[in-house]
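>>> Pasting the sequence and the predicted model now:
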Amino acid sequence: MAPSSVLMVAEKPSIALSIASVLSGGRMFTKRGSTEVHEFDGTFLGFPAHYKVTSVIGHIFSVDFPSKYQDWTVTDPTDLFQAQIVKTETNPKAHICRHLSQEARGCGHLVLWLDCDREGENICFEVIECTGFRVNDARRRVYRARFSSVTEKDIFKALDNLAQPNRDEALAVDARQEIDLKVGVAFTRFQTSFFQGKYGNLDSRVISYGPCQTPTLGYCVQRYLQIATFKPEKFWAVQPHIIVDGYELQLEWERHKLFDLDVAMMFQKQVIQDGILEVIDISEKQENYSRPPGLNTVNLLKVASSALGIGPQTAMQLAERLYTQGFISYPRTESTAYPSSFDFKSTLGAMSNNSTWGNYVRRLLADGYHKPRLGTDVGDHPPITPIQLASENMLGKDAWRLYQYVCQHFIASVSPDCKYVRTKVEFSVGGEFFHCIGKRVTVEGFTCIMPWLAVSEKNLPQFTIGEKIEVSKVDLYEGKTVPPDYLSESELISLMEKNGIGTDASIPVHINNICERNYVQVQAGRRLVPTTLGITLIRGYQCIDPDLCLPDIRSFIEQQITLIAKGQVDHSRLVQHVLQQFKQKYCYFVKQIDKMDSLFEAQFSQLFDSGRVLSKCGKCLRYMKYISALPSRLYCGTCEDVYFLPQKGTIKLYKELTCPLDNFELLLFSMGGPEGKTFPLCPYCYNSPPFEGIDKLFGASESGNFGKLGKGAGMPCFLCPHPTCRHSLIAQAVCACPECSGTLVLDPVSAPKWRLYCNMCNCLVLLPQGAHRIATTRERCPECDSTIIEVDFNKNTTPLEDGATLHIGCILCDDLLHSLVEVKHGKSFFKRMGRGGRGRGRGGRGRASARRGDPRMSFRDF
DNA sequence: GCAAGGTC
């Protein structure tokens, strides 16, 4: 009987490799593919079997709305709460689903080695779906391997105790995905649409909302508000000094400080009047300063931010690289407990050849390293440890600093605790009590390797109980309470972890998000300072519905979906119930948005306060202002009208020319880059096309760039069918586009690099270069109906005989003109034009399908 | 254009 095939799937390629290496004893064949497949023969459940071990790369699918909900202008966000959702491949190019389906063919068993958490359980079912296995199929069985580390012992143990995937846990993740998507997208679309373009200096592409990012921002703003509303208070402290063995010693007051000057002065007077201190108690205490447990992601990120000045996003990227290069272990883990099988000796051995800590490590190995602290084992991955020794020039500066910390932390975790003796001497004088504290280190322990954590020693002179000492002076210290500093990134990470906002992998993403959305800025010492936009948003939520920005919103969702995970409630009933609650909150928020808007009004300038004057309004003939903040637009302060403009380019006045239809001054818009189009437009027509159906007639709504710009239909002059205006399509069109159903029009300001561009796609045709002037005429070519153009060559470079400069003809049918034009598409040549080209490349793809409804001849006929 | 979660 042929051995049956077993397909095993892990969450990432590295785990697949580890599992295959263990099960095959290193004798396997590795096949490339979407992800690697490791094959070998062995026994499975007591029978001979052929193994194939492969992996996914995280989630295979992610959720989104169907396309009919994708257009912001037609979808009411309220409808999103009841919308269908679809799962699509997260990374279609990776073809993971196809890969799994192919590998599963002919396999009689599927073993799921996904990470043992809820997300992993969810991915199990994604894998099952792709492979075509069914959970309760007696002929093709599905098994779940449960493992807490990728060690030989654990892998074999898991294989001997195969279980079933847990659908409830997977459904809990489905629920979270749907709730996060619907709530996040609904709020984001609404507030973006509401505020975007309303205020002049509100510069934001999208004003996002999310159950993780918004509470994260909330923490930063909360601290900001504490600082902003802080009222400093004066306080006073009595500070007696004594001189012992020639050294002056300042004593601390048992009352610490008082906020009443008169009372503090009264105590000072009492101490001065007495003038003699009595030692009333001396106590010594052994203090233990614990070595750290194993390093997990969150702690690495905190140290990276606070001590190394490396932000979480960058720190994770560096750690990821160190991991793939084999210098450190897997960097995404919550666990701080080392697996029982961890080989401390060899890891320490690897560390012993370093010049900074090598000596220490060798001593540790010789004297016997310490058992690490217990830590917590979440069952995901072992703590982050070094794997092999690296040097600075192997890694680069920041990667080296991060790596160095991983090494130091590891060594510290198996070092002795630091121990010191704390001495407290207490005094009384004038009925008041004072003390001083000394510290003497007895065992440096792990602080040798983490010197920045060293206990600072303080020596005290010898005192005896009952001893009387003269007070040398009594100061009254005056201080002022100070506000806290802005929230540090490291503090924020702690808060997020504690309150269950995000995970070790996603915490850096959320922090990055609120930076990118312009809600906070990272300032010196990696402290997060909220921007006006960030503050105004949070204050707005606080006015309307504080729940929206509180951390509880995340824990609420988590706690609800946990009911699904435990099988206590039905998945879809719970999702409907939670969404109903959020929908109510959403509707209330929409109803109350004026409250938030009034805060925006106070913080952001109205449109008429900002912008520079650019062009004249055709209605009132006064100048309008150009507002460059996105989305860029014109604002007429007199008419109080807004005219949206094409985005992502530069705009200027076009020679004070005006539109014959509405008298608005024309503008010239240039898209970026050397091959970007430049075209004229009338601000009024651009927003309100004068001829019905114009956008549809010319396909502008599908042409990508123009139909969707700003909030108008987006009709520049090159789409305008005005019969006599010299800027219209009718006047500037030359011939059909060789690439699409558009029309090539003359770029009126392209001299001396004259060119035609397509009014629909990005096809570009270069005209005779260096010509003095090129213009369209009203004549048509009798052969192909293209517009006859007039070229006035430069007299020094004219190709015409006898030094003549003026030539009139059709660029398709006139031999001379045709030999001087060149088709460009984006940055590369794609087609050889005409008969006589001078060494231009041949080949390229075939032409586009037949013209639709454009009577003019095309390039095809050459 | 939008969320949060996995991994690269």
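Yep, it's here.

>>> need the helix or strand of chain A with the lowest average pLDDT.
One helix or strand of chain A scores below all others by mean pLDDT, DSSP states H and E: strand A:828-829, with a mean of 36.

>>> for chain A, what's the longest helix?
Ranked by residue count, the top helix of chain A under DSSP state H comes out as helix A:167-195.

>>> Report the mean confidence score over that helix.
Averaged across helix A:167-195, the pLDDT comes to 97.

>>> Let me know the distance separating residue A:784 from residue A:311.
61 Å (C-beta to C-beta, to the nearest Å). Quick note: C-beta positions are derived from backbone N, CA and C, even for glycine.

>>> Please point out which parts of stretch A:233-251 sit buried.
Neighbour counts using 16 or more other C-beta atoms under 10 Å place A:235, A:236, A:237, A:238, A:239, A:240, A:242, A:249, A:251 of stretch A:233-251 among the buried residues.

>>> Settle this for me: the third one is touching residue A:257, isn't it.
Yes - here residue A:237 lies in contact with residue A:257, judged by C-beta atoms under 8 Å, at a distance of 4.6 Å.

>>> List the residues that are in contact with both of these two.
The contact sets of residue A:237 and residue A:257 overlap at residue A:479 (C-beta atoms under 8 Å, 6 or more residues apart in numbering).

>>> Below-threshold pLDDT in the stretch 501-650 of chain A: ranges please.
A:608-610, A:613, A:620-623, A:638-640 (pLDDT under 70).

>>> can you list the residues of it near DNA strand B?
A:502, A:503, A:504, A:505, A:506, A:509, A:510, A:513 (C-beta under 7 Å from any atom of the strand).

>>> In three-state terms, label the closest residue to residue A:100 other than its chain neighbours for me.
Among residues not flanking residue A:100 along the chain, residue A:130 sits closest, at 4.0 Å (C-beta to C-beta, 6 or more residues apart in numbering). Classification of residue A:130 by DSSP: H, G, I helix; E, B strand; the rest coil places it in helix.

>>> And residue A:775, by the same measure?
Assignment for residue A:775 (three-state DSSP): strand.

>>> who does it bridge with?
Beta-bridge partners recorded for residue A:775 (DSSP bridges): residue A:790.

>>> Pretty sure residue A:806 is one of the things it touches, is it not?
No - applying C-beta under 8 Å, one finds residue A:775 not in contact with residue A:806, separated by 11.1 Å.

>>> where do the contact lists of those two overlap?
residue A:790.

>>> Tell me where the stretch 701-850 of chain A is predicted with low confidence.
Checking the stretch 701-850 of chain A against pLDDT under 70 turns up A:701-713, A:825-850.

>>> Might you report the residue contacts of residue A:274?
Contacts of residue A:274 by C-beta under 8 Å, 6+ apart are A:429, A:430, A:431, A:471.

>>> Quick one: buried ones out of those residues?
Judged by 16+ other C-beta under 10 Å, buried ones among those: A:429, A:430, A:471.

>>> Just the ones in strands from these, please.
residue A:429 (DSSP state E).

>>> As TSV, the buried ones among the contacts of residue A:274 with distance to residue A:607 and pLDDT would be great.
Formatted as TSV, the buried ones among the contacts of residue A:274 follow (distance: C-beta to C-beta, whole Å; pLDDT from 0 to 100):
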residue	distance to residue A:607	pLDDT
A:429	69	97
A:430	69	94
A:471	69	96
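
>>> quick one: which of the buried ones among the contacts of residue A:274 is nearest DNA strand B?
Checking the buried ones among the contacts of residue A:274 against DNA strand B by C-beta to the nearest atom of the strand gives residue A:429 as the nearest, at 57.6 Å.

>>> Nearest spatial neighbour of that closest one, chain-adjacent residues omitted?
In space, residue A:429 is closest to residue A:277, 4.5 Å off (C-beta to C-beta, 6+ apart).

>>> Look at the one you found and tell me its secondary structure.
strand.

>>> ok, it to residue A:435 distance?
Residue A:277 is 11 Å from residue A:435, where distance means C-beta to C-beta.

>>> Which residue of those two possesses the greater neighbour count?
Neighbour totals were compared for residue A:277 and residue A:435, and residue A:277 leads with 21 against 15 (other C-beta atoms under 10 Å).
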